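A predicted structure for the sequence below; I have some questions about it.
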Amino acid sequence: MLKPVTVSSPIQLTARPEVNEIRPYVVAAVLRNVNFTQDAFDSFIDLQEKLHQNICRKRTLVAIGAHDLDTVIPPFTYTARPPEEIKFMPLNQTREFSAPDLMKFYATDSHLRPYLPIIEYSLNYPVIYDRLGTILSMPPIINGDHSKISLQTRNIFIECTATDLHKATIVLDTIVAMYHEFYEYIEQVSVTQADGSHCMYPELKYWDLVTSVKYINSQVGISLTSDKIVNLLQRMGLQSTATDDVLTVSVPPTRHDILHACDIVEDVAISYGYNNIPMRIPMIATNAHQLPINKFTDLVRVEIASIGFTEVLTFSLCSREDISTKLNDPLGADVAVHISNPKTSDFEVARTKLLPGILKTICNSRSWPLPLKMFEIQDVVLKDPTSGDHVVLSQTGAKNRRHFCAVYCGKRSGFEVIHGLLDRFMRLVGWSFGTEKNCYHLENSSGR
């Protein structure tokens, strides 16, 4: 079992309140008496990059820094400073740069350029420095050259700055646990967060997941004894014990992906071999067929295309303005499902109308000869009203609705084209026109 060592006077890492507005969390660990081979060293660097691209979400959630502890002097401070006050020699460079110059320098670097926007427009940039003021890193962009690690490094200080503390803990546990055969022990670091909370990292927590042998056998479709399941889990790196029908699995810090008993079922199935699981006819007979709404939609597509309209497929996400102010409907975004952490301003909400997507398509098709006749039949997403008519709606908080939208763009208004299309569509579906006047509409630009 992998356990960190707590020394009497641990290394201190303190986060200042200034980082609350940019990257509020930090965790750290120390690897003592490291003895990397060349392959292990290369793998150590490569693992950091793979974590950056995956769980770290390209450094937006977590950024990793590894430093030669013997070249710096604890305690360490994590803070944020104005870019003009930051000056250091970045990794593998031969001169010092100020932070603004550094951002310009890496603007042409294919590897680091994608990470610049994470802090580029912030008033302050995050930095980590030691007792003498030597800058270790400017996360999430680059480490300092002063503390770079090499094959000769014997003590490594690892820091992870983050916007998500849970993800940072997972990343730190993964790094220190994957290379335990190349160092003597892990030393915990005393970390004080910007909000004043205190904790020792890495935690490297083990926890027990209790399930049953009967449940595993029923889910996989096999019949194994408890001892056999214990052996299969051991092949997957999981230690477990079985008492009668109760199976207790010790989940290590390297397996943060295990959240539920179904994850244990998956590991048993993988270890047993999917091809070894006997096939059987399902107890329930079903006849596959196309959903009526999809069959109806396909028929409408064919009819509309035969009239001369071209179908387009647009993004299901758009900006708030696309469905509200740009359509002169200020309340349009109120019924939309909002993305909690949108990647860009173009994908903030799930669309409630198809029209914005088609208008964008026309805008990007200005080089094509007029007239342009486009249509789309796709789902929109609306917030579920409190009196939902189906149990599934109350569980998701939203509902899908199939919408149809067509646009004519030419040198003349083309009202008769859209009017004719609408008449044709209404006859196809067998609907009659209503008299409701409070629905969304665009008024004539001349005011008539």
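Noted; the coordinates are in hand.

How far does stretch 229-245 sit from its chain's centre?
In terms of C-alpha atoms, centre = their mean, to the nearest Å, the centre of stretch 229-245 is found 32 Å from the chain centre.

what residues does the helix or strand that contains D208 touch?
Using DSSP states H and E, D208 maps to strand 207-212. The contact list for strand 207-212 (C-beta atoms under 8 Å, 6 or more residues apart in numbering) reads D245, V246, L247, T248, V249, S250, V251, I258, H260, A261, I264. Using the backbone N, CA and C atoms, a C-beta is placed for each residue, glycine as well.

Repeat that for stretch 401-410.
By C-beta under 8 Å, 6+ apart, the residues outside stretch 401-410 that reach it are 293, 297, 300, 304, 309, 353-355, 358-359, 362, 370-382, 414, 417-418, 421, 425.

ok, now with 7 Å
Stretch 401-410 is contacted from outside by 293, 297, 300, 309, 354-355, 358, 362, 370-380, 382, 414, 417-418, 421, using C-beta atoms under 7 Å, 6 or more residues apart in numbering.

Now the buried members of the contacts of strand 207-212.
L247, V249, V251, I258, A261, I264 (16 or more other C-beta atoms under 10 Å).

Taking these together, which two end up most distant?
By the measure C-beta to C-beta, L247 and I258 form the most distant pair in those, at 13.4 Å.

Off-centre distance for stretch 87-101?
31 Å.

ditto for stretch 224-236
33 Å.

Please spell out which residues along that stretch are buried.
L224, S226, I229, V230, L232, L233.

Helices - which of the residues you listed land there?
Those of these mapping onto helices are S226, I229, V230, L232, L233, per DSSP state H.

Skipping its backbone neighbours, what lies nearest the third one in space?
Across the structure, with C-beta to C-beta, 6 or more residues apart in numbering as the measure, the residue nearest V230 apart from its sequence neighbours is S240 (5.1 Å).

I'd say the one you found and L232 touch.
No. Between S240 and L232 there is no contact under C-beta atoms under 7 Å: 9.4 Å.

Pull the contacting residues for A177.
Contacts for A177 (C-beta under 7 Å, 6+ apart) come out as L2, L204, P253, T254.

nearest residue to it other than its sequence neighbours?
The nearest residue in space to A177 (C-beta to C-beta, 6+ apart) is T254, at 4.7 Å.

do the same with L355
Among residues not flanking L355 along the chain, C405 sits closest, at 5.4 Å (C-beta to C-beta, 6+ apart).

how many neighbours does the one you found have?
Taking other C-beta atoms under 10 Å as the criterion, the count of residues near C405 is 19.

On the three-state scheme, R280 is what?
Secondary structure, DSSP: H, G, I helix; E, B strand; the rest coil: R280 is coil.

what's it sitting at in phi/psi?
Dihedral angles of R280 (phi, psi; degrees, to the nearest 10) stand at phi -150, psi 160.

For I222, see how far away it is.
11 Å (C-beta to C-beta, to the nearest Å).

State the helix or strand in which the nearest residue to V220 once chain neighbours are set aside lies.
In space, V220 comes closest to A269 once its chain neighbours are excluded; the distance is 4.9 Å by C-beta to C-beta, 6+ apart. Under the criterion of DSSP H and E, A269 resides in helix 261-272.

Identify all contacting residues around the next helix or strand after that helix.
Sequence order places helix 292-306 as the next helix or strand after helix 261-272, per DSSP H and E. Residues from elsewhere that reach helix 292-306 (C-beta under 7 Å, 6+ apart): E311, F375, I377, R402, F404, L428.

Quick check: buried residues in helix 292-306?
Neighbour-count burial for helix 292-306 flags T297, V300, R301, I304 (criterion: 16+ other C-beta under 10 Å).

for the chain, which spans come out with low pLDDT?
Within the chain, the ranges that satisfy pLDDT under 70 run 385-395, 435-448.
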